[in-house]
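Q: Next one to model:
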Amino acid sequence: MRALDDIRILDLTHVYNGPYATLLLGFLGAEVIKVEPTLKGEMARTIFKVPNHDESYPYIMLNSNKKGITLNLKSPRGRELFKELALQSDVVVENFAAGAMDKLGLGYEELRKLHPGLIYASGSGFGRSGPYSEYPAFDPIIQAMSGLMASTGFPGSPPVKAGPPIFDIMAGTHLCAGILGAIHQRDRTGAGTLVESNLFESALGPMITQMSGYLSRGIRGRFGNTAAGRSFSPYNSYKTSDGYVLLLVANDEKWRALCRVMEREDLLTNPDYATNSARTKRFDEMDEIVGAWTARYTKREVMEKLTAADVTCGMVNEISEVLNDPHLRARGTLQDIMHPTVGKVTVLASPIRLNGDTPTIDSAAPTLGQHNDLVYGKLLGLSEKEIGALREQGVI
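A: Numbering: from 1, shown residues only. Next up is the predicted model:
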């Protein structure tokens, strides 16, 4: 038994944001039927392709535990089939541009007439209302508009975006949470609802530190790998013999622990370094002291020495190291599975644990239209002849 094994989700999402939401729901046991355009499928299939294959790594990583069908929603018969599928589903999820589904006659107001218990979840860049609602958006645009870029980089240098699409994933997580709340609400009332999440508003949570710094002390700008306003010291990335670590001394007790690990007990009684307030006034000097010590060891040695003393420190890992990280591998959060056409691939498993269960991957991401016969035949009861005709007509 899994938490959502009685829930069926009709998944129209594409790229990163929406697929991450439905990936989480699939990990929790929901039956997720991914609906893609005919011929080429969704956009994620074209990004970072597996060498010599039609499949792509992002698509494979974001669509485990899902069934895959194709459907031409621009055709009248395709829209009819979609409505039939929606009637037999608990949740419809999409992250098209605002109003796209309404133009097809498949928006929330239309579908709720057919299925009052349906939960309709919509992910977008800016939401379904407000001055920006019709603006197109990708994650980097939200990084720019949310203040993240203005806060990222080094003093005197231009704004810098974060490398990963963090707000796509953040918004997907919020969309998943909204769907879970709507399922619980429907269990109590019997009525479906409209769930909405968007990238712009989802970006505000991670910006709490920067907002708080500005509101309390007028702090603004970019501070590299340190805290906003250089408000803690030592706090920076430091070079080691084989790379870098990120080290954060959160209070004076941790400072004293760091001094002992560095075998610099002479610093313990020096009033110039005794308090965080004193240390932040000598920020560069503190970096030189810590950096001289970290340079003597490997990044793993530094991390292990400091974490043993309860001083927060992490290795700056390359992506190749993350993919082989012993902790992630031991917990099963990264797993190697066999894909039907690509072979062995590394995929994400669930970051959510219920009862301490090790996350499982039940099936690899579907090939394009892999489950057409199963879904249209078993779920909708169409014959092989009818399914064949739909293929010839370009409906599926």
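Q: Against which helices or strands is the longest helix along the chain packed?
A: Ranked by number of residues, the top helix in the chain under DSSP state H is helix 166-189. Secondary-structure packing of helix 166-189 (3 or more Cβ pairs under 8 Å, 6 or more residues apart in numbering; DSSP states H and E): helix 17-27, strand 91-94, strand 119-124, helix 139-145, strand 194-198, helix 199-202. For the C-beta atoms, the positions are set from N, CA and C on the backbone; glycine is no exception.
Q: Mind giving me the packing neighbours of the helix or strand just after the last one?
A: What it means is helix 199-202. Remark: after helix 199-202, the chain's next helix or strand is helix 208-217, criterion DSSP states H and E. For helix 208-217, there is no helix or strand it packs on, judged by 3+ Cβ pairs under 8 Å, 6+ apart.
Q: quick one, what contacts Glu318?
A: Gly243 (Cβ atoms under 8 Å, 6 or more residues apart in numbering).
Q: ok, it to Leu348 distance?
A: For Glu318, the distance to Leu348 (Cβ to Cβ, to the nearest Å) stands at 18 Å.
Q: now swap in Arg128 and tell me
A: 29 Å.
Q: Check Arg217 too.
A: 39 Å.
Q: Between the two, tell me which one has more neighbours.
A: Leu348 (18 against 11; other Cβ atoms under 10 Å).
Q: count of neighbours near the nearest residue to that one once chain neighbours are set aside?
A: For Leu348, ignoring the flanking residues on the chain, the nearest one in space by Cβ to Cβ, 6 or more residues apart in numbering is Met61 at 5.4 Å. Around Met61 there are 20 other residues, counting by other Cβ under 10 Å.
Q: and if you look at the one 10 residues further on?
A: By other Cβ under 10 Å, the residues close to Leu71 number 24.
Q: Need phi/psi at it.
A: Main-chain torsions, Leu71, degrees, to the nearest 10: phi -160, psi 130.
Q: what do you get for Arg8?
A: Dihedral angles (degrees, to the nearest 10) for Arg8: phi -110, psi 130.
Q: quick one: it from Tyr376, how far?
A: Taking Cβ to Cβ, one finds Arg8 at 15 Å from Tyr376.
Q: In terms of neighbours, single out the busier of these two.
A: Set Arg8 next to Tyr376 and count neighbours by other Cβ under 10 Å: Tyr376 wins out with 24 against 16.
Q: The closest residue to the more buried one other than its chain neighbours and Arg220, how far apart?
A: What sits nearest to Tyr376 in space, not counting adjacent residues and going by Cβ to Cβ, 6+ apart, is Leu382, at 4.8 Å. Computed as Cβ to Cβ, the Leu382 to Arg220 distance reads 60 Å.
Q: More neighbours: which of those two?
A: The neighbour comparison of Leu382 against Arg220 (other Cβ under 10 Å) goes to Leu382, with 20 against 13.
Q: Which phi and psi values does the more buried one adopt?
A: Dihedral angles for Leu382 - degrees, to the nearest 10 - are phi -80, psi 150.
Q: for stretch 251-269, how far is the first residue from the last?
A: Using Cα to Cα, to the nearest Å, the span of stretch 251-269 from its first residue to its last is 16 Å.
Q: That should have said stretch 222-233, apologies.
A: First-to-last residue span, stretch 222-233, Cα to Cα: 16 Å.
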